[in-house]
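> build me a model from this:
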Amino acid sequence: MSTPEPAFSVRGAVDLSALQRPQSPPPGEPGGAPAAGGYVLDLTEESFPQVVQASGTYPVVVLLWIPTDQANAELGTLMGRLADEYAGRFLLARVDAQTHPQIAAAFRVEGVPTVVAVLQGQPLPLFQGGAPEDQVREVLDQVLAAAEQSGVTGTAPAQGAEGEGPAAEPEEAEEELPPLHQEAYDAIEQGDYEAAIAAYEKALRQDPKDVFAAAGLAQVRLLERTRDADLQAVRTAAASNPADVDAQLAVADMDVLGGQVGDAFERLLDLLPGADADVKEKVRARLVEYFEVVGPADPRVAKARQKLAIFLY
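Take a look at the predicted model:
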């Protein structure tokens, strides 16, 4: 169904042979793939956790690509057209694998373009390389059927003109964030996770019940910890040292980032039986952060909380 494209490492070093293939203008320019908008979102490390969480409401189809490669751009154009045609039955989230290698690493991508569905936070590989339109439609219909069986039947919101989020009603002014939340958001936009963490921590000192600051803090801490992570090295270390708590915490971070929430929860909960007090506290603190990232409404959180309480007390 597909022809593999040149591979790239989790550090984002794309095979230079890709540069020798026919190139395409950037999205939105004449001859290139369409710009984001409608039901197409350009995903970033900052928006990734929210999109994964939204996959519990409506299906998300992720396109990992190099937008300026002609073969990638052709698939991106087809996927974007189908996303608009399906009118919100799924959200197409595009990931520039060169710009955001961490997201590509989280999906364990070996080549681009690659298409992966996300349902209820769980990734479902679909295909790699190009495919005829009729085959792509068939795959999308299978994803929607699986989503319906799982109760994921919501409609994705239309995105803004730049694909940065849901389009606002023209008459509504954008709600202002509290100052410290805005400070954190601006820092995230600049890739300054340390400053964002400091802003959220200050917000929580001022109001310990600020649930949005708590969730934001947990998400940014996850992004900061995985910023320079090498997925293969992390997984190798965890497999080689099953009793190394820090190694297991590191691979659990990558699982959460990639939407494999259940795997991350079970990995850490399995460390608790027979563990000493220091290990239990370290695991407990990390799980509590994950609960904030995933959200209290997720049934996997309630189940993990119960197991955590049993192991701790």
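
> tell me where the model's unsure across this structure.
Where the chain drops to pLDDT under 70, the residues are 1-22, 160-175, 297.

> residue nearest the centroid of it?
For the chain, the residue nearest the mean C-alpha position is F48 (3.4 Å; CA atoms, centre = their mean).

> got the CA coordinates for stretch 44-52 in CSV?
Provided in CSV are the C-alpha atoms of stretch 44-52 (Å, rounded to 0.1, in the frame of the first residue of the first chain):
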residue,chain,number,x,y,z
THR,A,44,3.4,21.7,17.6
GLU,A,45,5.0,20.3,20.8
GLU,A,46,2.9,22.8,22.7
SER,A,47,-0.4,21.8,21.2
PHE,A,48,0.4,18.1,21.0
PRO,A,49,-1.0,17.1,24.5
GLN,A,50,-4.2,18.9,23.9
VAL,A,51,-4.8,17.3,20.6
VAL,A,52,-4.1,13.8,22.0
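
> centre of the chain to that stretch, how far?
Computed by CA atoms, centre = their mean, to the nearest Å, the chain-centroid distance of stretch 44-52 equals 5 Å.

> buried set for it?
Residues of stretch 44-52 classed as buried under the neighbour-count rule (16 or more other CB atoms under 10 Å) are T44, E45, E46, S47, F48, P49, V51, V52. Every residue, glycine included, has its C-beta placed from N, CA and C.

> circling back: mind checking the backbone torsions on the residue nearest to the centre of the chain?
Per-residue torsions, F48: phi -60, psi -50 (degrees, to the nearest 10).

> any idea how far it is from Q219?
9 Å (CB to CB, to the nearest Å).

> and A199, by the same measure?
According to CB to CB, A199 and Q219 sit 13 Å apart.

> what's the residue nearest to the centre of the chain in contact with, if anything?
Going by CB atoms under 8 Å, 6 or more residues apart in numbering, F48 touches I103, A106, L257.

> quick one: it from P179, how far?
F48 is 25 Å from P179, by CB to CB.

> cool, E289 as well?
24 Å.

> those two: which is more packed in?
Per other CB atoms under 10 Å, whichever of E289 and P179 has more neighbours is E289, with 20 against 11.

> give me the nearest residue to the more buried one, chain neighbours excluded.
Once flanking residues are discounted, E289 sits nearest to A218: 4.4 Å by CB to CB, 6 or more residues apart in numbering.

> count the neighbours of the one you found for me.
The tally of other residues near A218 (other CB under 10 Å) stands at 21.

> that one sits in which helix or strand?
Under the criterion of DSSP states H and E, A218 resides in helix 211-226.

> now that helix: buried residues?
Neighbour counts using 16+ other CB under 10 Å place 213-223, 225-226 of helix 211-226 among the buried residues.

> could you do stretch 260-279 as well?
Q260, V261, D263, A264, F265, R267, L268, L269, L271, L272, A275.

> what residues does that stretch touch?
By CB under 8 Å, 6+ apart, stretch 260-279 touches 121-123, 245, 248-249, 251-253, 255-256, 280, 283, 286-287, 290, 294, 298, 300, 303-304, 307-308, 311-312.

> which residues in the stretch 1-150 of the chain form helices?
48-54, 70-86, 101-106, 133-149 (DSSP state H, counting those that start in this stretch).

> quick one: which of those is nearest P30?
helix 70-86 (12.1 Å; CB to CB).

> between helix 133-149 and that closest one, find me the angle.
If you take axes from the mean of the first three to the mean of the last three CA atoms, to 10 degrees, helix 70-86 sits at 50 degrees to helix 133-149.

> which other helices and strands does helix 70-86 contact?
strand 40-42, strand 60-65, strand 91-96, helix 133-149 (3 or more CB pairs under 8 Å, 6 or more residues apart in numbering; DSSP states H and E).

> I'd like the distance from the last one to the chain centre, please.
Read it as helix 133-149. The chain centre lies 21 Å from the centre of helix 133-149; the measure is CA atoms, centre = their mean.

> quick one: buried residues of whatever helix or strand comes next after that helix?
On the C-terminal side of helix 133-149, the closest following helix or strand by DSSP H and E is helix 179-189. For helix 179-189, burial by neighbour count (16+ other CB under 10 Å) applies to L180, H181, E183, A184, Y185, A187, I188.

> farthest pair within those residues?
With distances taken as CB to CB, the most widely separated pair in the buried residues of helix 179-189 is L180 and I188, at 12.8 Å.

> what touches both of the two?
By CB under 8 Å, 6+ apart, no residue touches both L180 and I188.

> mind listing which of the contacts of stretch 260-279 are in helices?
Among those, the ones falling in helices (DSSP state H) are 245, 248-249, 251-253, 255-256, 280, 283, 286-287, 290, 294, 300, 303-304, 307-308, 311-312.
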